[in-house]
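>>> Based on what follows, work out the 3D shape:
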Amino acid sequence: MKSRNPRFRKGYTQEKINEQYIKSIDEFNSEIEKIDNPQLIRRAKLVINYLLSSIPKPKELHNNSILRLHSNDNVVFKSVLNRVVNYNIVIYSPKEKEDIFITTDAPGYSVDKNKAFFDTKYIDDLYHFIPISSKLALGFHNPEFYESTNRISYQKVNSEEIFQLNYGSAVNRTANIYCSNENTLNEFINKVFPEK
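Numbers count the residues shown, from 1 in each chain. The predicted model follows:
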């Protein structure tokens, strides 16, 4: 699975990780040189040598982030989770038989109160959308902007609404768009990305 993090999208290789790691160590070294305590400097240099001998590999970084996520050490995750559990869930399906949802290599996106699309955004967010299949999609609506008497609701959407939801998926893709019907996909791509 390719991460949706923009750094990893562009191929955040081991070489780049090493460069960043060494840059951080160099910055730390320059701060150490300002210390006026030879014993403290010697201990700090031992720590730096240890860190340089154990530069983390991408898999270790990934495993570490998963461990933090599941051990409840991730403050950002907790904050987002506490928000999202209160969102209204809307299950979407097309009104018309011929209408279908598309998906992409980065499925799902957020829309903020200015109607701008984002991979993920939890500040001033209106809703989050993710296609589940060609005939089913989920919306997570911020209750600050979306009033509903039901916590979970079902909504049939018309062709224009499906186009707007699919448009959000298309503009937030990394590279590829997928669809269960080739003709529908070609029509959609020609409408959204017309040849010049």
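>>> Which residue comes closest to residue 184 once chain neighbours are left out?
Using CB to CB, 6 or more residues apart in numbering and skipping the chain neighbours, the partner closest in space to residue 184 is residue 100 (5.9 Å). Placement of C-beta: from N, CA and C, glycine included.
>>> thought the one you found was touching residue 135?
Yes. Residue 100 lies in contact with residue 135 (CB atoms under 8 Å); the separation is 6.5 Å.
>>> Give me the more crowded residue out of those two.
Neighbours around residue 100 and residue 135, counted as other CB atoms under 10 Å, are more numerous at residue 100. The numbers are 19 against 14.
>>> Sheet-wise, list the partners of the top strand by length along the chain with their directions.
Longest strand in the chain, counting residues (DSSP state E): strand 125-133. Strand partners for strand 125-133, identified by DSSP bridges, are recorded as strand 109-112 (antiparallel), strand 136-141 (antiparallel).
>>> Return the list of helices and strands in contact with the next helix or strand after the shortest one.
Per DSSP states H and E, strand 109-112 leads on to strand 117-118 as the next helix or strand towards the C-terminus. Using 3 or more CB pairs under 8 Å, 6 or more residues apart in numbering; DSSP states H and E, the elements in contact with strand 117-118 are strand 109-112.
>>> mean confidence score for the longest strand of the chain?
Across strand 125-133, pLDDT averages out at 92.
>>> Begin at 47 from now on, thanks
Done: numbering now begins at 47, and the last item shifts to strand 171-179.
>>> Tell me where the model's unsure across this structure.
Flagging of the chain using pLDDT under 70 yields the residue ranges 47-68, 70-71, 73-75, 77-78, 81, 85-86, 89-90, 93-123, 242.
>>> how about the helices in it?
Taking DSSP state H as the criterion, the chain contains helices spanning 52-55, 60-78, 84-98, 104-116, 121-130, 205-217, 228-238.
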